[in-house]
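1. Here is a sequence with its predicted model. Questions after.
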Amino acid sequence: MTGTARGGLGRIGIWTFAYEKQPAGRVRESAAEIEELGYGALWYGEAFGRDTVGQAWLLLTATRRIPVASGIANIAFREPNTLAAAERTLGEAFPGRYVLGLGGHRVDDTVHHVDGYPAPTRSRPVTTMRSYLDAMDASPAHGPVPDPAPRRLLAALGPKMLELAAARTWGAHTYFVPVEHTARARGTMGPDAFLGVEQAVVLDPDPARAREVATAHVAGYVSGAPHQQANLRRLGFGDEDLVGGPSRRLVDAIVAHGDVDTILRRVRQHFDAGADHVCLQVLTADPAALPEHEWRELAPALVPLGDLDHPGRPAPEPRDHP
């Protein structure tokens, strides 16, 4: 496996939601092939399919070397003690291979009323995440202690969450971001924190077909993810980009679509902006399908990037979380 100087994740990984809808046997076969193709890490999302801990176990047992990273484990779905215990178990069973990415939104204990009915108040994200990390760190460990300690990352977009990621964890996992955000994130976190960037791509030589898939992906987040909208506005995108469907400018900034060379250029741009690792989310017309053909076609051009040191920056070493 290439890129071991980057904490074992290499330079190029695969990010996917598609495993949630696939049977376990199919997931195992696919994960093993991604490892054999030479990708440096395998990232997976968590929505309403397979539980993040079970998915990690499935992927880790199906592979031999490749690190597996949650991108992200939703903190709203489980208590800190439960996730801390799972983190220790996976870290002890698969030394150095499990990376826990944390994100999502929890609610606090404040209750207000909407139309006469009690409703929880969403807490402040940075404060909530800091408290969640505190609770994980305070969780008692009665079993074996993994060595090395599993690495943690935070899903981070805004400057305060990026600062927390650099201060309390190995670094940040950014999602749905243009290259400009990568440069800002590196400037905010400093040179030592790990920065793993998700990059959505459509590998299709037909411009109209590729743009259609890319636009559908961006539209889903623009209409249904307020935190993503807020991040885009911080980066200079306005109503003309966000209201009434995503603009062409926004779609092109978020999704690299076209041939292999187009995708390779975008990946290099993230590296030049300060990313340590880029994980590719390959989009197709069928979101539930495994884009295996595209993973295979991209590997010969992108996997070799894992053998190249990033110019001018030392590789971040794994750091134990507090």
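-> Sure thing, it's come through.
2. mind exporting whatever helix or strand Ala165 lives in as PDB, just the C-alpha atoms?
-> Following DSSP states H and E, one finds Ala165 within helix 159-168. Below are the C-alpha coordinates for helix 159-168, written out as PDB (Å, rounded to 0.1, in the frame of the first residue of the first chain):
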ATOM      1  CA  PRO A 159     -13.300  28.100  11.000                       C
ATOM      2  CA  LYS A 160     -14.300  27.200  14.600                       C
ATOM      3  CA  MET A 161     -14.900  23.600  13.800                       C
ATOM      4  CA  LEU A 162     -11.700  23.400  11.900                       C
ATOM      5  CA  GLU A 163      -9.800  24.900  14.800                       C
ATOM      6  CA  LEU A 164     -11.400  22.300  17.100                       C
ATOM      7  CA  ALA A 165     -10.400  19.500  14.700                       C
ATOM      8  CA  ALA A 166      -6.800  20.700  14.800                       C
ATOM      9  CA  ALA A 167      -6.700  21.100  18.500                       C
ATOM     10  CA  ARG A 168      -8.500  17.900  19.700                       C
END
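3. Please name every helix or strand in contact with it.
-> helix 125-138, strand 151-155, strand 171-174, helix 179-189 (3 or more Cβ pairs under 8 Å, 6 or more residues apart in numbering; DSSP states H and E). Bear in mind the C-beta positions are built from the backbone N, C-alpha and C, glycine included.
4. looking at the ones you listed, which is buried most?
-> strand 171-174 (a mean of 27; mean count of other Cβ atoms under 10 Å).
5. Within its sheet, name the partner strands of it and how each one runs.
-> With DSSP bridges as the test, strand 171-174 is paired with strand 151-155 (parallel), strand 194-203 (parallel).
6. For the stretch 1-150 of the chain, just list every one of the helices.
-> 24-37, 52-62, 80-93, 125-138 (DSSP state H, counting those that start in this stretch).
7. Glu36: neighbouring residues, count only.
-> Neighbour count for Glu36, taken as other Cβ atoms under 10 Å: 12.
8. still on that earlier bit, with distance to Met161 and mean pLDDT added, can I get the helices and strands packed on helix 159-168 in a markdown table?
-> Formatted as a markdown table, the helices and strands packed on helix 159-168 follow (distance: least, Cβ to Cβ, whole Å; pLDDT from 0 to 100):
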| stretch | distance to Met161 | mean pLDDT |
| --- | --- | --- |
| helix 125-138 | 6 | 97 |
| strand 151-155 | 6 | 98 |
| strand 171-174 | 8 | 98 |
| helix 179-189 | 9 | 98 |
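9. can these go into TSV with extra columns for distance to Thr215?
-> Below are the helices and strands packed on helix 159-168 laid out as TSV (distance: least, Cβ to Cβ, whole Å):
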stretch	distance to Thr215
helix 125-138	28
strand 151-155	24
strand 171-174	21
helix 179-189	19
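10. Just say helix, strand or coil for Arg209.
-> Counting by DSSP: H, G, I helix; E, B strand; the rest coil, the backbone at Arg209 sits in helix.
11. about what we covered before: indicate which one of the helices and strands packed on helix 159-168 is closest to Tyr44.
-> The closest of those to Tyr44 is strand 171-174. By Cβ to Cβ, the value is 11.8 Å.
12. quick one: contacts for the closest residue to Asp147 other than its chain neighbours?
-> Spatial nearest neighbour of Asp147, chain neighbours left out: Pro95 (6.9 Å); criterion: Cβ to Cβ, 6 or more residues apart in numbering. Counting by Cβ atoms under 8 Å, 6 or more residues apart in numbering, Pro95 touches 146-148.
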